[in-house]
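1. Just need the structure, nothing else, for what follows:
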Amino acid sequence: MNSVIIDVDEEYSGIRIDKYLSDVLESGDYSRSFIQKLIKDEAVMVDGRVVKANHKIMEGERIELFIPDPVLPDIPAEDIDIDIIYEDDDYLIVNKPKGMVVHPAPGHYTGTLVNALLYHCKDNLSEINGVLRPGIVHRIDKDTTGTLIVCKNNKSHDSIAKQLKDHSITRIYRGIVCGVLKDDEGVIDAPIGRNRTDRKKMAITDGGRRAVTRYRVLQRFRQHTYVEFVLETGRTHQIRVHMASINRPLLGDDVYGKAVKGLEGQTLHAMTIGFAHPSTGEYVEYSADIPEYFKKLLDTLPG
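-> Down below sits the predicted model:
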């Protein structure tokens, strides 16, 4: 049983406690129905007293939740075809397809990259991120395609994690944005943090962590721009949030822009990744060509 304590800020006064808690909890794994069940089970208290789901919170109140320990499911190894760009004793470079979730989470316990890795690598995956994320040292969004590092042992995991923290890993993306970028290149340096009103989204916020995205125009179309992005930092949804902030959201981004019929999410591809090899220290770099759906889009966009 885990205890979580939250002090209510002035800006949230008057909001129902079930809505507030489902929005504010960082993990995003707690649905409103889950919170309502906790309240019904008297596992949520405000200033030491049990409340109902329709209780309207006030500034200065202290909320305490008693969350039961999660029951971890067995994650099955699945014979799912994956595109492996490179593999040695320390890591794999995988070209993740569109629509594939990287690791299991509520609602996605099968069909993920981890399920495929457990079949391919057996027990040869790093353990640092636990049973739900073996081998996973970083991730890309479900609808983003491209290069991803998977660590096969804890030593390589530690090495890659340090390089990620130091921002020394090369990460180059390709994407199509809505609208025409006027400048051939530019830099967006704006902090990113959790959206205060929708905790499942990210936003540019004064209290966020520094985020830097460099971009370069590859091709202009009548209503779109094909762009190369270089990440100096690696915040959640960084490219998507930064481009939306200058009114150039990624084509198909149904979270920070608009959904497009026939597209599953944003047109974004992690094209190149480079880093110091965990064992040799030599700089290595790997690339994955843009997927076929992406090429067809570029061929059909009006010039």
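2. rest of the way, CA atoms for contacts and neighbours
-> Fine.
3. so where's this structure shaky on pLDDT?
-> Applying pLDDT under 70 to the chain picks out residues 1, 26-30, 70-72.
4. per-domain residue ranges of it.
-> The chain resolves into domains spanning 2-67, 73-166, 167-288 when parsed by automatic domain parsing.
5. can you redo those as JSON lines with distance to Lys296?
-> Compiled in JSON lines, those are given as follows (distance: least, CA to CA, whole Å):
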{"stretch": "domain 2-67", "distance to Lys296": "35"}
{"stretch": "domain 73-166", "distance to Lys296": "15"}
{"stretch": "domain 167-288", "distance to Lys296": "12"}
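6. what's the longest helix in this protein?
-> Longest helix in the chain, counting residues (DSSP state H): helix 154-165.
7. What are the buried residues along that helix?
-> Of the residues in helix 154-165, those scored as buried under the neighbour-count criterion (16 or more other CA atoms under 10 Å) are 154, 156-161, 163-164.
8. Then stretch 118-133?
-> Judged by neighbour count (16+ other CA under 10 Å), stretch 118-133 contains these buried residues: 118, 120, 124-128, 132-133.
9. how about those residues, which pair is most distant?
-> By the measure CA to CA, these have their two most distant members at His120 and Ile128, which lie 18.8 Å apart.
10. Including distance to Asp289, could the buried residues of helix 154-165 go into JSON lines?
-> Formatted as JSON lines, the entries for the buried residues of helix 154-165 read as follows, by distance: CA to CA, whole Å:
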{"residue": "Asn154", "distance to Asp289": "29"}
{"residue": "Ser156", "distance to Asp289": "25"}
{"residue": "His157", "distance to Asp289": "25"}
{"residue": "Asp158", "distance to Asp289": "28"}
{"residue": "Ser159", "distance to Asp289": "26"}
{"residue": "Ile160", "distance to Asp289": "23"}
{"residue": "Ala161", "distance to Asp289": "25"}
{"residue": "Gln163", "distance to Asp289": "24"}
{"residue": "Leu164", "distance to Asp289": "23"}
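11. Ends of stretch 289-303, what's the gap?
-> Using CA to CA, to the nearest Å, the gap from the first to the last residue of stretch 289-303 comes to 22 Å.
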